[in-house]
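>>> Give me the fold of what follows.
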Amino acid sequence: MENNNNVRIPALIIAVIASFITPFMGSSINIALPAIGGEFLTDAILLSWIPTSFLLASAIFAVPFGRIADIYGMKKIFTYGMVIFTISSFLCAIAPSDISLIAFRVLQGIGSAMIFVTGLAIVTSVYPPQERGKAIGFTIGAVYVGLSLGPVLGGIMTQFLGWRSLFYLMVPVGLLVISLTLWKLKGEWAACRGEKLDIPGTILYSIALFTFMFGFSELPGIIGIIMIIIGLIGLIAFVIFELKVEVPVFNMKLFKNRTFGFSSLAALINYMATFAVSFFLSLYLQFIKGFDASGAGLILVAQPVVMAILAPMAGRLSDRYDPRIIATIGMSLSTLGLAQFIFLNTNTDVIFITIGLVVLGAGFGLFSSPNTNAIMGSVERRFMGIASATVSTMRLIGQTLSMGIAVLLFSLIIGKVQIMPENYPALLSSIQIAFIVFTALCFVGIFVSFAGRNKNRHKTE
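Model (predicted):
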């Protein structure tokens, strides 16, 4: 596929719209969780599975679809992913129960995995190295715009139109992206066309990751411990198998690249430490502080707005300077922002919360684009699909583990009960402990991010 503006601009527009959809869905659903729980009388633990099921499905399928896209074509997998996402969004909108909603969210997560691993790879493939950081910055900026509008628009829609309207909204947007893809993106991107898919490795990876992640959510019970051990054994077996197979679904040798390995680990830690912030603060603002959905959304918007402003700027800076340095500064700011929320209590002022969100947003905005540019710029073109899948997988596993921490704390402190006023002290304790854990994780991430620094980093030609 030739690299000219006739291809680059449409590819970027489509990737930007697609990158907006799923984060908008996620942040708006967090705001809607109290309303969903109220309609279905859902307990706290099952309620947390509404966002977690989506993330778990996305994490399981990201790597296999990254490899499938390299073989059969990124445009094809992207289009199929948008179709699945659009259909599942409609099914979520008409879900008759919390269990069926969780099941449809799994399907939505599969479609999301297909979208994310291909959208970023397409943009990276059509833009030359000297412009790639800027393009990635716009794409990630769209993620933050989705995160920004999610709490505000999601809160207003939930309050006046009901939570189901959030899923209905995704249907016309999905149809628009599908139409633009079929109309504007000509040709195909398939760097590994003709190669075979590592089916045994794909199955082993999917089962092992599901077992591990589901087990984490079942802690502290004995079943959770057993499943985590089995999942870890499966993941170790997967790594050993992939190092021996001729054409692996996940090329483990990429992690020998210092920048790729440490940048991927830094992304995992960052998302693990920050994703559940909006989940916890949404519950805190609505249950403990008494805000309605739209009011809570207006407060939470401070973080992603700062992200959306800084992400493109950070992306451009990463084209000129070592992206690891910029990303490490971002990780440091994220740590400071998280530390502030450890001190939340029933009398915490909204200004204090807003300042913490601004600092956290600045940190994440400075971290994500340069970190992604470092990962994508450290591999050869034929590994773009799997590198993109790695970015998505680190994000999704980090997000799932972040929600896993939420599930674990709710299991230990609140229990399987609906969140009522008598449980508010337990909810506040869960939130405070969660931010202690998140701050510690992000502090470790500072050193991991800096360890990936490479002055002579490879640029893909």
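
>>> and the longest helix for the chain?
helix 5-40 (DSSP state H).

>>> quick one: buried residues of that helix?
Of all the residues in helix 5-40, those buried under the rule 16 or more other CB atoms under 10 Å are 7-8, 10-12, 14-37, 40. C-beta: built from backbone N, CA, C; applies to glycine.

>>> what do you get for stretch 287-296?
Here stretch 287-296 shows 287-289, 291, 293-296 as buried, counting by 16+ other CB under 10 Å.

>>> So for it, mean pLDDT?
Mean pLDDT, stretch 287-296: 86.

>>> Out of the buried residues of stretch 287-296, flag the one nearest to I431.
I288 (8.4 Å; CB to CB).

>>> where does the closest residue to the closest one other than its chain neighbours land in three-state SS?
Distances taken as CB to CB, 6 or more residues apart in numbering put Y424 closest to I288, at 5.5 Å, once the chain neighbours are dropped. Secondary structure of Y424, reduced to three states by DSSP: H, G, I helix; E, B strand; the rest coil: helix.

>>> Y424: how many residues sit nearby?
Per other CB atoms under 10 Å, the neighbour tally for Y424 reads 16.

>>> What of V171?
15.

>>> Next: E246.
7.

>>> So what does it have for phi and psi?
Backbone torsions of E246, given as degrees, to the nearest 10, read phi -70, psi -50.

>>> Just confirm I329 contacts F364, I think it does.
No - applying CB atoms under 8 Å, one finds I329 not in contact with F364, separated by 11.6 Å.

>>> Looking at those two, which is more packed in?
With neighbours defined as other CB under 10 Å, I329 and F364 compare such that F364 has more, 30 against 19.

>>> contacting residues for the more buried one?
Listed by CB atoms under 8 Å, 6 or more residues apart in numbering, the contact partners of F364 are 270, 274, 303, 307, 330, 334.

>>> Output these in JSON lines; the columns should cover neighbour count, pLDDT and secondary structure.
Listed next are the contacts of F364 as JSON lines, based on neighbours: other CB atoms under 10 Å; pLDDT from 0 to 100; DSSP: H, G, I helix; E, B strand; the rest coil:
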{"residue": "N270", "neighbour count": "29", "pLDDT": "90", "secondary structure": "helix"}
{"residue": "T274", "neighbour count": "26", "pLDDT": "88", "secondary structure": "helix"}
{"residue": "Q303", "neighbour count": "30", "pLDDT": "82", "secondary structure": "helix"}
{"residue": "M307", "neighbour count": "28", "pLDDT": "81", "secondary structure": "helix"}
{"residue": "G330", "neighbour count": "27", "pLDDT": "91", "secondary structure": "helix"}
{"residue": "S334", "neighbour count": "31", "pLDDT": "93", "secondary structure": "helix"}
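
>>> which among the residues you listed gets closest to I199?
Once CB to CB is applied, the member of the contacts of F364 that ends up nearest I199 is N270, at 32.3 Å.

>>> I'd like the distance between that closest one and N30.
Here N270 is placed at a distance of 18 Å from N30 (CB to CB, to the nearest Å).

>>> Same question for S411.
19 Å.

>>> ok, now L344?
17 Å.

>>> in the helix or strand L56 falls within, what counts as buried?
Assigned by DSSP states H and E, L56 belongs to helix 44-72. Within helix 44-72, the residues scored as buried using 16+ other CB under 10 Å are 44-72.

>>> Does anything pack onto the helix or strand where G111 lies? Which helices or strands?
G111 is located in helix 98-126, with elements delineated by DSSP H and E. Packing partners of helix 98-126 (3 or more CB pairs under 8 Å, 6 or more residues apart in numbering; DSSP states H and E): helix 5-40, helix 44-72, helix 74-93, helix 129-161, helix 350-376, helix 384-409.

>>> Can you say which of those helices is nearest to G234?
Judging the helices and strands packed on helix 98-126 by CB to CB, what sits closest to G234 is helix 44-72, at 12.2 Å.

>>> The closest one versus helix 98-126: what angle between them?
Going by axes from the mean of the first three to the mean of the last three CA atoms, to 10 degrees, helix 44-72 is angled at 30 degrees with respect to helix 98-126.

>>> who touches the closest residue to A266 other than its chain neighbours in this structure?
Once flanking residues are discounted, A266 sits nearest to S449: 4.1 Å by CB to CB, 6+ apart. Neighbouring residues of S449 by CB under 8 Å, 6+ apart: 262-263, 266, 324, 327-328, 331, 367, 371.

>>> Repeat the analysis, applying 10 Å as the threshold.
262-263, 265-267, 269-270, 323-332, 367, 370-371, 374, 442 (CB atoms under 10 Å, 6 or more residues apart in numbering).

>>> Out of those, which sit inside helices?
Going by DSSP H, the helices hold 262-263, 265-267, 269-270, 323-332, 367, 370-371, 374, 442 from the contacts of S449.

>>> moving C-terminal of the strand or helix carrying F212, what's the next helix or strand?
Per DSSP H and E, F212 falls inside helix 199-217. Going down the chain from helix 199-217, the next helix or strand is helix 222-244, by DSSP H and E.

>>> For F287, see how far away the spatially most distant residue from the centre of the chain is.
Most distant from the centre of the chain: E422, at 33.0 Å, with distances by CA atoms, centre = their mean. Separation of E422 from F287 (CB to CB): 12 Å.
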